[in-house]
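S.K.: fold the following for me, if possible:
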Amino acid sequence: MHSLKINTQIKTLDITSLGDNLMYYTYHTKHLLGLIKSGVERDTQQFISAYNGFRGELYENIVYELLLQYALKEEQITKFVLKGPHQNLSNQENQKFGLLMDKSQQIVYKAGFKDVSEYDAMFFTNDSVYYVESTIVQSTVGLRKRLRKKTALLTMLFPKLKVNALIILSDGANGLNKFPDNCTIWITDNLNAESILEKHIIGKNYHKAPFVRFENEKFIEAKDIKIDYFKYFDTLGWILKKSINPDKSINKNFFMSKTVSLYMDIYSKVYLGWIEQEEFVKLLQSLDKSLFDQKSISESKVYVTLEKLDDGKFMLMYYLKFSNTKLKKIEILPNELKMSDKDPKGFTVAEIKFIKHCLKPSNELIVSNIKNIEKSIASWKQP
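M.R.: Predicted coordinates:
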């Protein structure tokens, strides 16, 4: 199969064929329009930040609309997933698991009603599933980090297909030679968002042309795609069960297996067990413990996790619940104790709620176990 080639319409971001379709998407323009109304200078950092946020949303929507038309003509593309205003919203269900649409009508994989990963667009060829990532941001470091998780998840969902990525970037983006081999890179012209912004400034007084839909057998709804379901929480429990050997050493063969390596790319961390609060304090040794107020802790258990870092190495992280209902992430560095709040509606809170019911006495760790695990994982590295 020859590689997918960018066409002139996408390269130049030519929106003349889109009518007013771009005005049917949801944009976070309230702050930007407020700045314009109050006369804030365009060269201020406040305005630039808000304007670039709008440009980023608009760029993603333009790319999607042009890709949809591209898919009509490209013979290699057999199926293309509809999103946004192109979906049949009457068929949408609030499902707990699966490849679905979120409240913003974006393509996501959900687990327990929570979004595991989002894709700007998705389509299929005879032997591959492609996901699309598009951005005007010139630094591609953050994007490259996210690709590992996105690719690993689709590998689980579509085990019989190759997983490829189409990365669409604005002119001037850097790090193009650092993307994985499964990525096809397209570069577009820089986006001038003024014509669409003007329509938003006019607001309700702007009369949109009717939305243009395309009827074609290639176009499918996300909910109709057959996938191998990835059991997000059940898999976390399985990893907990297999991660530590009876002698409390970490199971290296298990974590270095091909399947678990994929899991480590999907999860930001996996759970190894817990250590009692009093025992955990011993780990801190001479570090500044002023951040660690034991009186405000609501649970005696400190959850021990294994996190895969961006460079492929591993590190232990700890999570602890405080009486103000906040969940804290604790990172023990050589000369520093770092603590940060976790989103009460985020995945970590949901994960710990699940893991709490999976824990058994055999999952308890002590300082000597932790030290041995740290020594073991110091030499670990995955691609």
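S.K.: any idea how far Phe54 is from His31?
M.R.: As judged by C-beta to C-beta, to the nearest Å, His31 and Phe54 stand 9 Å apart. In short, each C-beta sits where N, CA and C put it, glycine included.
S.K.: which one of those two is surrounded by more residues?
M.R.: More neighbours surround Phe54 than the other of His31 and Phe54, with 19 against 14 (other C-beta atoms under 10 Å).
S.K.: any idea which element the more buried one lies in?
M.R.: helix 45-73 (DSSP states H and E).
S.K.: mind listing what's buried in that helix?
M.R.: Buried residues in helix 45-73, counted by 16 or more other C-beta atoms under 10 Å: 47, 50-51, 54-71.
S.K.: isn't Glu57 up against Leu32?
M.R.: No. Checked against C-beta atoms under 8 Å, the pair Glu57 and Leu32 is beyond contact range at 10.4 Å.
S.K.: beta partners of the residue nearest the centre of the chain?
M.R.: Within the chain, the residue whose C-alpha comes closest to the C-alpha centroid is Ser117; the distance, by C-alpha atoms, centre = their mean, is 4.3 Å. Here Ser117 sits in beta bridges with Tyr109, going by DSSP bridges.
S.K.: can you list the domains in this structure?
M.R.: Domain assignment for the chain by automatic domain parsing gives 8-224, 232-377.
S.K.: Pro383: which of those domains is closest?
M.R.: Pro383 lies closest to domain 232-377 among the domains of the chain, at 6.1 Å (C-beta to C-beta).
S.K.: starting at the chain centroid, how far to that closest one?
M.R.: Averaging C-alpha positions (C-alpha atoms, centre = their mean, to the nearest Å) puts domain 232-377 21 Å from its chain's average.
S.K.: now Met156: which helix or strand?
M.R.: helix 141-157.
S.K.: now that helix: buried residues?
M.R.: Within helix 141-157, the residues that count as buried by 16+ other C-beta under 10 Å are 143-144, 147-157.
S.K.: can I get those residues in CSV with pLDDT and distance to Lys321?
M.R.: CSV is the format used below for those (pLDDT from 0 to 100; distance: C-beta to C-beta, whole Å):
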residue, pLDDT, distance to Lys321
Leu143, 93, 33
Arg144, 91, 33
Leu147, 94, 32
Arg148, 92, 29
Lys149, 93, 26
Lys150, 95, 30
Thr151, 96, 33
Ala152, 94, 29
Leu153, 95, 28
Leu154, 96, 33
Thr155, 95, 34
Met156, 94, 30
Leu157, 94, 32
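S.K.: nearest to Asp171 among these?
M.R.: Among the buried residues of helix 141-157, Leu143 lies closest to Asp171 (C-beta to C-beta), at 15.7 Å.
S.K.: all helices of this protein, in order?
M.R.: Using DSSP state H, the helices of the chain run over 8-11, 30-37, 45-73, 141-157, 194-202, 232-243, 252-255, 258-266, 277-284, 347-356, 367-377.
S.K.: beta partners of the nearest residue to Ile225 once chain neighbours are set aside?
M.R.: Once flanking residues are discounted, Ile225 sits nearest to Leu99: 5.5 Å by C-beta to C-beta, 6 or more residues apart in numbering. Beta-bridge partners of Leu99, counted by DSSP bridges, are Tyr109.
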